[in-house]
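Novice: this one's structure only:
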């Protein structure tokens, strides 16, 4: 894998990853990103940090294709975030970040604890093409993407202030996506977020995901020698999918070549099955859960897919019991949704 | 307050609450409700119960007004859930419950712990009218509703298997509401749900809500002598509102007459402000958090409103960081949304 560092005019550092070296000359750059000052406040009832980034109200909202900021820049054309004629995979700091390396001081006189929102938010552009998905990318590009995630994990986790790193992808307008270009994001948090805290507790108590391997048959969506995709027997969303390496890994950074290839392939198959299930692109949230800093001995890396549809034309809504109590009510059994996806 | 018990033909027990006694004769009843068999499965990563109620897939979905199952029944007309010509407030077990007093056995051979989904799910119909809201109900009816909640708390918490009771209201199609008739629901859980567990921990450590009273000024939406409505300084949703009694109460069941009236009035004002804010009915989730069984000494009763809109025409979406990490990213400051609501 080749990696080229390019410093943008506004100081943000971009990485161009590829199977081939990237040597193109830079073109005209987009206007500089505004300086972000996000901060965090402590929620004393939920016992969690909430991040405030007021400048995000101005973020780009469903631009027409000719103003897609994640496309390569055409010579003499509209300058995008990526001032090159082409690339394989590009990673750079979000123009409207919730967490940032130099957030400045937090506001005063707030009646709960506050802190600067120190961390990072990156954008990962999967392809120079404006359309496509994990299912339609080439297997070579998917494998490169898994390697890029591994490299971002290493780099972001090496920073003193970062405790947890989460690559994720929001897909589809039903999820609130504001840019359709195939891309994901990475958040580097200065704390272990609440969902991950619970998973840390569980993995400290036992190898939860390895224990499931023997009973997985009714839940399998697809698999190969190294990677398993299941609708978990405890799914909270219809057609929820959990993907994980069969051997223990704290994150993709310990994968061997065969595991990188396998993980990319299985992710692609899951998305292909989603898109065939209702004969339309499935809106979803996909998130990578790797070990927070210091938990590498027990935390088993996995990817969670939360699809937004419960039927071809009905959304799964989170309402009273899910949002206000945290208890999910499901009307679809995992055994049945697993079969539907397996056969899709 | 008057309370009439009426046993429906399918065995479900309905309560008709009113300021006047209810003495009307019953009319023809709707077809019997199916027997529900919900169960729960343990989520070993999130460390929480997930409820499975497969029969809910068939629940009523946005019926036309003439088939509104929450309207009073007209003599000789379509039989609704309420076989009377009128009523003030009606409460009865949900036809498609996620939790039920006699769920039967849980399925076998599931590779995580399972249990019958024992508890209850009730429907609370605020008015015989098909339209309206907490803002447009009479103050007398709102006060009656708070008294009804108090009575349901007493009755449901008296059951051995019930640990926590949550009245709530989902409002608007943006939240996934399937019936527009003004109504709420009540879930009686056989465990303390995850969100409430955190609140229990906090209230055991200190009087979190009483401590906020002195610093509340910039956050006030509306208030009177007994009840405060604020956008909390740690809001996770734009225009989120928290309503609570200024004096300590574990639940509305310890309110005096003035507090019942005050709480109903402030809830009505909050919803009126929501509806004026964007000149359209605000979709929201409203939930009552009262003390779980055994926590009555410290847990301060409060109501949480989670509105779905962040501008007149943009929804607040929960995406990667909220859903997959549990950390909320906000682009609206509580100080600003509080002012907007206060002035609405």
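Specialist: Looks like it came in fine. Small disclaimer: the values here were computed from a predicted structure and weren't measured.
Novice: which ones are touching the closest residue to chain B within the stretch 51-200 of chain A?
Specialist: Of all residues in the stretch 51-200 of chain A, residue A:176 sits closest to chain B, at 2.7 Å by CB to the nearest CB. The C-beta positions use only the backbone N, C-alpha and C, and glycine is treated the same way. By CB atoms under 8 Å, 6 or more residues apart in numbering or on different chains, residue A:176 lies in contact with A:170, B:315, B:317, B:319.
Novice: ok, now residue A:284?
Specialist: Each residue near residue A:284 by CB under 8 Å, 6+ apart is listed here: A:169, A:171, A:172, A:175, A:274, A:305, A:306, A:307, A:308.
Novice: against chain B, how distant is it?
Specialist: 10 Å (CB to the nearest CB, to the nearest Å).
Novice: quick check, central residue of chain A?
Specialist: residue A:168 (0.7 Å; CA atoms, centre = their mean).
Novice: for that one, which residues count as its bridge partners?
Specialist: With DSSP bridges as the criterion, residue A:168 is bridged to residue A:185, residue A:287.
Novice: wait, what's in contact with it?
Specialist: Here residue A:168 is in contact with A:184, A:185, A:186, A:187, A:285, A:286, A:287, A:288, B:320, B:321, B:324 (CB under 8 Å, 6+ apart).
Novice: swap in residue A:299?
Specialist: A:199, A:200, A:203, A:250, A:289, A:290, A:291, A:292.
Novice: same question, residue A:329
Specialist: With contact taken as CB under 8 Å, 6+ apart, residue A:329 is in contact with A:321, A:322, B:51, B:53, B:56, B:98.
Novice: which members of the contacts of residue A:299 are positioned in helices?
Specialist: Using DSSP state H, the members of the contacts of residue A:299 that fall in helices are A:199, A:200, A:203.
Novice: which among those are in contact with chain B?
Specialist: Restricting the ones in helices among the contacts of residue A:299 to those touching chain B (CB under 8 Å from any CB of the partner chain) yields residue A:199.
Novice: distance from the chain centre to stretch A:45-53, please.
Specialist: When distances are taken as CA atoms, centre = their mean, to the nearest Å, stretch A:45-53 is centred 20 Å away from the chain's centroid.
Novice: what distance separates the start and the end of it?
Specialist: 21 Å (CA to CA, to the nearest Å).
Novice: mind listing what's buried in that stretch?
Specialist: For stretch A:45-53, the buried set under the neighbour-count rule, 16 or more other CB atoms under 10 Å in any protein chain shown, comprises A:45, A:46, A:48, A:49, A:50, A:51, A:52, A:53.
Novice: which SSE is the second one in?
Specialist: By that I understand residue A:46. Under the criterion DSSP states H and E, no helix or strand holds residue A:46.
Novice: okay, now the residue lying closest to it once chain neighbours are set aside: neighbour count?
Specialist: Using CB to CB, 6 or more residues apart in numbering or on different chains and skipping residues adjacent in sequence, the residue nearest residue A:46 is residue B:198, 5.4 Å away. Look at residue B:198: counted by other CB atoms under 10 Å in any protein chain shown, it has 19 neighbours.
Novice: what does the stretch 51-200 of chain A put close to chain B?
Specialist: Checking the stretch 51-200 of chain A against chain B by CB under 8 Å from any CB, the hits are A:51-57, A:98, A:110-112, A:164, A:166, A:168-170, A:175-177, A:185, A:187, A:189, A:193-196, A:198-199.
Novice: checking the closest residue to residue A:238 other than its chain neighbours next. Helix, strand or coil?
Specialist: Nearest residue to residue A:238, sequence neighbours excluded (CB to CB, 6+ apart): residue A:332, at 3.8 Å. Put simply, residue A:332 is coil when judged by DSSP: H, G, I helix; E, B strand; the rest coil.
Novice: lowest-confidence helix or strand of chain A?
Specialist: strand A:314-315 (a mean of 87; mean pLDDT, DSSP states H and E).
Novice: stretch A:19-33: end-to-end distance?
Specialist: Stretch A:19-33: ends 29 Å apart by CA to CA.
Novice: averaged pLDDT, that stretch. What do you get?
Specialist: When pLDDT is averaged over stretch A:19-33, the result is 95.
Novice: all helices for chain A, in order.
Specialist: Listed in chain order, the helices of chain A (DSSP H) span A:139-157, A:194-205, A:208-212, A:257-277, A:334-343.
Novice: save the ones you listed as JSON lines, and put in distance to residue B:26 and mean pLDDT too.
Specialist: Listed next are the helices of chain A as JSON lines, based on distance: least, CB to CB, whole Å; pLDDT from 0 to 100:
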{"stretch": "helix A:139-157", "distance to residue B:26": "63", "mean pLDDT": "98"}
{"stretch": "helix A:194-205", "distance to residue B:26": "49", "mean pLDDT": "98"}
{"stretch": "helix A:208-212", "distance to residue B:26": "52", "mean pLDDT": "96"}
{"stretch": "helix A:257-277", "distance to residue B:26": "46", "mean pLDDT": "98"}
{"stretch": "helix A:334-343", "distance to residue B:26": "39", "mean pLDDT": "96"}
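Novice: adding distance to residue B:261, write those out as CSV.
Specialist: Below are those laid out as CSV (distance: least, CB to CB, whole Å):
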stretch, distance to residue B:261
helix A:139-157, 54
helix A:194-205, 38
helix A:208-212, 51
helix A:257-277, 52
helix A:334-343, 48
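Novice: where does pLDDT dip in the stretch 101-250 of chain A?
Specialist: Applying pLDDT under 70 to the stretch 101-250 of chain A flags no residue at all.
Novice: ok, back up a step: tell me the least confident of the contacts of residue A:329?
Specialist: Out of the contacts of residue A:329, that is residue B:56, at 60.
Novice: circling back to that earlier point, which of the buried residues of stretch A:45-53 scores worst on pLDDT?
Specialist: When the buried residues of stretch A:45-53 are compared on pLDDT, residue A:53 comes out least confident, at 93.
Novice: once you drop chain neighbours, what's closest to that residue?
Specialist: Nearest one to residue A:53, counting by CB to CB, 6+ apart, is residue A:38 at 3.9 Å.
Novice: the one you found touches residue A:96, doesn't it?
Specialist: No. Shown here, residue A:38 and residue A:96 do not form a contact pair, counting by CB atoms under 8 Å, at 9.6 Å.
Novice: comparing the two, which residue is more hemmed in?
Specialist: Shown here are residue A:38 and residue A:96; by other CB under 10 Å, residue A:38 has more neighbours (26 against 18).
Novice: residues in contact with the more buried one?
Specialist: A:51, A:52, A:53, A:97, A:98, A:99, A:100, A:103, A:116, A:117.
Novice: so the third one touches residue A:97, yeah?
Specialist: Yes. Residue A:53 is in contact with residue A:97 according to CB under 8 Å; the separation is 6.8 Å.
Novice: rewinding a little: widest-spaced pair of the contacts of residue A:176?
Specialist: Spanning the widest gap among those are A:170 and B:315, at 13.6 Å by CB to CB.
Novice: in terms of neighbours, single out the busier of these two.
Specialist: residue A:170 (26 against 14).
Novice: quick check, pLDDT for the residue nearest to the more buried one when sequence neighbours are not counted.
Specialist: Nearest residue to residue A:170 in three dimensions, chain neighbours excluded: residue B:319, at 4.5 Å (CB to CB, 6+ apart). Here the pLDDT value assigned to residue B:319 is 89.
Novice: ok, residue B:319 - how many residues close by?
Specialist: 20.
Novice: residue A:76 too?
Specialist: Counted by other CB under 10 Å, the residues lying close to residue A:76 total 8.
Novice: please name the residues that touch it.
Specialist: Residue A:76 neighbours (CB under 8 Å, 6+ apart): none.
Novice: the one 10 residues further on too?
Specialist: Contacts for residue A:86 (CB under 8 Å, 6+ apart) come out as A:24, A:72, A:128.
Novice: okay if I get the contacts of residue A:176 as TSV plus distance to residue B:226?
Specialist: Below are the contacts of residue A:176 laid out as TSV (distance: CB to CB, whole Å):
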residue	distance to residue B:226
A:170	43
B:315	34
B:317	36
B:319	38
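Novice: now do residue A:235 against chain B, distance only.
Specialist: From residue A:235 over to chain B the distance is 7 Å, taken as CB to the nearest CB.
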